[in-house]
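[1] Sequence isn't available, so here's the structure alone:
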């Protein structure tokens, strides 16, 4: 029952915040303010409901570790997307025409902050943690990655290929980021860094959402397998390749730190044997 309450709490904040951001229309400063407010409120609600239902300190969203972890995660997300778009540009499928809209980038900052925080609290904070406790790393990583990919099929210009790439790249990378660090700030940062770099900095489409223009006036073209087509670079093969690299790095770090949990049955068996 605790999972139901946790899911409901995060989903309610996400829906209210999303509707509020949509209601302000094209006002970038209101979108920035409401987006950041939604992100902060979602973290507080998550910490409150998890603390009440699990009766423990909610260390995965500790304020003490937030600044550094968010910065590291955001840097990884930005570099990940920059690597993808650099390869697309090298092939001549990404063209920068000039400067775009700084105010548009500000609005996208708030929108992507709200989306990144609420999605990570939902998928990694509630679903992944719950599944991992029962079924171990792979029993959590595989289904949550598949669900995360399917979630993006709800977007206006969604495609099955784009959702599949997300399920095979972003889903595993973000789950592995949580396992390696045992906090939600790093996956939130990675998610935000990718989304804001894609939209607010490089002005590309994000997950088929009809994303508005960001800091650059730019356009992608070319084969869908390389540029991502209407879904955006998230559907590019480069995203898949670099996503696997990020995932592998986080999983190796998790193993080195001893953060990889086996299935609950194996943990129970090990404890009984030790006694």
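    Structure's in. What do you need? Model, not experiment: these values are computed from the prediction.

[2] For residue 216, give me phi and psi.
    Dihedral angles of residue 216 (phi, psi; degrees, to the nearest 10) stand at phi -110, psi 150.

[3] what's the neighbour count on it?
    Residues lying near residue 216 (other C-beta atoms under 10 Å) number 19. C-beta coordinates here come from the backbone N, C-alpha and C atoms, glycine included.

[4] per-residue pLDDT, it?
    In this model, residue 216 is scored at 94, pLDDT.

[5] who touches it in this structure?
    By C-beta atoms under 8 Å, 6 or more residues apart in numbering, residue 216 lies in contact with 96, 98, 99, 100, 201, 202, 203.

[6] Same question for residue 54.
    Taking C-beta under 8 Å, 6+ apart as the criterion, residue 54 is in contact with residue 2.

[7] how far away is it from residue 135?
    18 Å (C-beta to C-beta, to the nearest Å).

[8] Over to residue 106?
    In terms of C-beta to C-beta, residue 106 sits 42 Å off from residue 135.

[9] now swap in residue 188 and tell me
    Distance from residue 188 to residue 135, by C-beta to C-beta: 24 Å.

[10] now for the contacts of residue 216, which pair is the farthest apart?
    By the measure C-beta to C-beta, 98 and 201 form the most distant pair in these, at 14.3 Å.

[11] Who has more neighbours out of those two?
    Between residue 98 and residue 201, counted using other C-beta under 10 Å, the more crowded position is residue 201 (20 against 7).

[12] Test my guess that that one contacts residue 214.
    Yes: if you go by C-beta atoms under 8 Å, residue 201 and residue 214 touch, sitting 5.9 Å apart.

[13] Overlap of the contact sets of these two?
    residue 105.

[14] which residues of the stretch 151-275 of the chain fall in helices?
    For the stretch 151-275 of the chain, the helices defined by DSSP state H, counting those that start in this stretch occupy 160-168, 170-181, 185-196, 224-227, 237-257, 264-274.

[15] hey, which helix or strand in the protein has the poorest pLDDT?
    In the chain, the helix or strand scored least confidently by mean pLDDT, DSSP states H and E is helix 264-274, which has a mean of 51.

[16] ok so, going back, residue 129: which of the helices of the stretch 151-275 of the chain is closest?
    helix 170-181 (8.0 Å).

[17] Quick check: mean pLDDT of that closest one?
    Helix 170-181 shows a mean pLDDT of 97.
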